[in-house]
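Student: Build me a model from this:
(4 chains)
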2 protein chains.
Amino acid sequence: MPTDAVEDYLKAIYRIESRAGPPVSTSQIAGALDKTPATVTSMVETLSERGLLSREKYTGVELTPAGEVAALEVVRRHRLIEAFLAEQLDYEATEVHDEADALEHHVSEEFTRRVERVLDYPAADPHGDPIPPADLSTPEDAGTALVAALAPGERGTVARISDRDPDVLEFLVDAGITPGTTVEVVDVASFGLVTVRTSDGDEHGLPEAVADRVYVRRAAESSAAGDGQEASDA
Amino acid sequence: MPTDAVEDYLKAIYRIESRAGPPVSTSQIAGALDKTPATVTSMVETLSERGLLSREKYTGVELTPAGEVAALEVVRRHRLIEAFLAEQLDYEATEVHDEADALEHHVSEEFTRRVERVLDYPAADPHGDPIPPADLSTPEDAGTALVAALAPGERGTVARISDRDPDVLEFLVDAGITPGTTVEVVDVASFGLVTVRTSDGDEHGLPEAVADRVYVRRAAESSAAGDGQEASDA
DNA sequence: TAGACTTTTTTGACTGGTCTAAACTAATAG
DNA sequence: CTATTAGTTTAGACCAGTCAAAAAAGTCTA
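Tutor: Numbering: from 1, shown residues only, chains lettered A, B, ... in the order given. Reported below is the predicted structural model:
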């Protein structure tokens, strides 16, 4: 059985991978978990010995298939618990996260399934993130984080907005970025600002915090960039 | 903040104290927690250094007031979670215990209060054990375990039956032992059998597992035993 | 009251997770 | 192409919690 710490690492790596893709660096993990880099190094080493991560020294790690399964189990529990807290105990969407972080390591499979059933198999948690079903299949229509999916010049279709914050939602609606619309990434600045062009030709600057919430599916064939060097993300 | 292990020890000691009274021996704790006696010795030492237990070597430990407060917090969470699982997630009374054992260490005060509110301030968990309110006051009408409260020859009034098992309940009803009736302890055999006399004069043998479920309040003055050497239990 | 037996404590060791400080790599700017 | 710097790993230490084996204390019985 994985310990709490192991589950935390796996979940953090999963989250970073799905936002920025592998490899995931020591310092990214350290930042996400508020641990020292030295601690992370020793943990990722034991995790890769256990076959949960593949690791290249000084470069970073990537979840193996086994690691991804384990991570998805945690993510599933986490999001179901969040949904449960919001629905059944009237938590605000902003309050559920910490509680779910503590509980996710200690609920049984039985509990998870009962919650899922009582909630009638919810598709997403209160933040809009999809809840993996019991078989841990990743619904392909969930899309990929904007900057991870699209290199500058590429176009994609907005799959969902992973947020419930009215301000964020309004900002994106005003920019014409809603599920189903087409966006092209024009530029990703070093300081996080993502410039996108919407179908009507307008360009909008998205702060990192907002861009991170936009999930897209890549358009079948891009106009500019010739095929061949697609990002290698599983 | 107490760790999971600390809370487990405190809860176990509380439970043993309330069934058999202090002092609580190393081996009793070891048995309840499925740990070796050596482990228990070292843990009760650190717990008494922290002021949660008072300890006398080779004799046993007793919860200090601070220890009792900490134990009651855990018991409160445990029982509320049990009630919650049974009510909201349709768990059977027999299934709730293990899940609650895992969760009790990781729910916030906020969670506890919300659950309590949704359940409309339940008085008892699915086993019939009273749920301490937020101020941790022990309702005095909860009574004390039969053998702890009454020495042979003493009489008391049944306060409650801490069980929901139909067989146990039926057995006790047949014996005329229900809340409000008066019982006198005739004898406590070494192998656990407790012989009690009910108000109609009949004697009944209660196996340990059943007797443990009967909680009583001691009658104001016993008939036979002269006053003076009352058990010293807080 | 002197074993014999039971229970408790001591001792020493180990695991998992963490940290600080020091050493090392890799990337980058001259 | 080297020197600086940012990031990573190693080395060594520590804490909480646990155990097995051995020593000590307490208890019971003949």
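
Student: after the host helix or strand of residue A:195, next one along is what?
Tutor: Secondary structure from DSSP states H and E places residue A:195 in strand A:194-198. Past strand A:194-198, heading to the C-terminal end, the next element that is a helix or strand (DSSP H and E) is strand A:203-206.

Student: And that next one, what's buried?
Tutor: A:204, A:206 (16 or more other C-beta atoms under 10 Å in any protein chain shown). All C-beta atoms are positioned from the backbone trio N, CA, C, and that covers glycine.

Student: Compute the mean per-residue pLDDT across it, please.
Tutor: Averaged across strand A:203-206, pLDDT comes to 90.

Student: Can you name the residues in contact with stretch A:64-82?
Tutor: Residues from elsewhere that reach stretch A:64-82 (C-beta atoms under 8 Å, 6 or more residues apart in numbering or on different chains): A:2, A:6-7, A:10-11, A:13-14, A:47, A:51-54, A:63, A:96-97, A:99-101, A:103-105, A:107, A:112, A:115-116, A:119, A:122, A:124-127, A:129-134, A:136, A:138.

Student: ditto for stretch A:27-35
Tutor: By C-beta under 8 Å, 6+ apart, the surrounding residues in contact with stretch A:27-35 are A:8-9, A:12-13, A:15-16, A:20, A:36-37, A:39-40, A:43-44, A:60-61.

Student: Give the PyMOL command for selecting the buried subset of those.
Tutor: Per 16+ other C-beta under 10 Å, the buried members of the contacts of stretch A:27-35 correspond to this PyMOL selection:
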select buried, chain A and resi 8+9+12+13+15+16+20+40+43+44+60+61
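
Student: Which members of the contacts of stretch A:27-35 are positioned in helices?
Tutor: Members of the contacts of stretch A:27-35 lying in helices (criterion: DSSP state H): A:8-9, A:12-13, A:15-16, A:20, A:37, A:39-40, A:43-44.

Student: Identify the residue with the minimum pLDDT among those.
Tutor: Among these, residue A:20 carries the lowest pLDDT, at 81.

Student: So which of the contacts of stretch A:64-82 sit within strands?
Tutor: A:53-54, A:63 (DSSP state E).

Student: Most neighbours among these, please name it.
Tutor: Counting neighbours by other C-beta atoms under 10 Å in any protein chain shown, residue A:53 leads the ones in strands among the contacts of stretch A:64-82 with 25 neighbours.

Student: List the beta-bridge partners for that one.
Tutor: Residues in a beta bridge with residue A:53, per DSSP bridges, are residue A:63.

Student: Against chain B, how distant is it?
Tutor: Separation of residue A:53 from chain B (C-beta to the nearest C-beta, to the nearest Å): 26 Å.

Student: So that residue is in contact with residue A:63, correct?
Tutor: Yes. Residue A:53 is within contact range of residue A:63, at 6.2 Å (criterion: C-beta atoms under 8 Å).

Student: Now, the contacts of stretch A:64-82 that are in helices?
Tutor: Those of the contacts of stretch A:64-82 mapping onto helices are A:6-7, A:10-11, A:13-14, A:47, A:96-97, A:99-101, A:103, A:112, A:115-116, per DSSP H.

Student: what residues are up against the residue lying closest to residue A:216 once chain neighbours are set aside?
Tutor: Using C-beta to C-beta, 6 or more residues apart in numbering or on different chains and skipping residues adjacent in sequence, the residue nearest residue A:216 is residue A:156, 3.7 Å away. Shown in contact with residue A:156 (C-beta under 8 Å, 6+ apart): A:146, A:149-150, A:182-184, A:216-219.

Student: Those residues of chain A touching chain B, which are they?
Tutor: Residues of chain A lying close to chain B (C-beta under 8 Å from any C-beta of the partner chain) are A:85, A:88-91, A:95, A:98-99, A:102-103, A:105-108, A:110-111, A:114-115, A:118.

Student: Helix or strand next in line after the least confident helix or strand in chain A by mean pLDDT, which one?
Tutor: Scoring the helices and strands of chain A by mean pLDDT, DSSP states H and E places helix A:146-149 at the bottom, with a mean of 80. Where DSSP H and E defines the elements, the next helix or strand beyond helix A:146-149 is strand A:155-161.

Student: Break chain A down into its domains, please.
Tutor: A:4-63, A:68-138, A:144-218 (automatic domain parsing).

Student: Could I get the CA-only coordinates of the biggest helix by length in chain A as CSV?
Tutor: Taking DSSP H as the assignment, the helix of chain A that covers the most residues is helix A:65-88. Taking Å, rounded to 0.1, in the frame of the first residue of the first chain, the C-alpha atoms of helix A:65-88 are listed here in CSV:
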residue,chain,number,x,y,z
PRO,A,65,2.0,3.5,-16.6
ALA,A,66,1.8,2.0,-13.1
GLY,A,67,2.5,5.3,-11.6
GLU,A,68,-0.2,7.0,-13.6
VAL,A,69,-2.7,4.4,-12.4
ALA,A,70,-1.8,5.1,-8.8
ALA,A,71,-1.9,8.8,-9.4
LEU,A,72,-5.3,8.6,-11.0
GLU,A,73,-6.7,6.7,-8.1
VAL,A,74,-5.7,9.5,-5.8
VAL,A,75,-7.0,12.1,-8.2
ARG,A,76,-10.3,10.2,-8.4
ARG,A,77,-10.7,10.1,-4.6
HIS,A,78,-9.7,13.7,-4.2
ARG,A,79,-12.2,15.0,-6.7
LEU,A,80,-15.0,12.8,-5.6
ILE,A,81,-14.5,14.0,-2.0
GLU,A,82,-14.5,17.6,-3.2
ALA,A,83,-17.8,17.0,-5.0
PHE,A,84,-19.2,15.3,-2.0
LEU,A,85,-18.2,18.0,0.4
ALA,A,86,-19.8,20.7,-1.8
GLU,A,87,-23.0,18.7,-2.4
GLN,A,88,-23.7,17.1,0.9
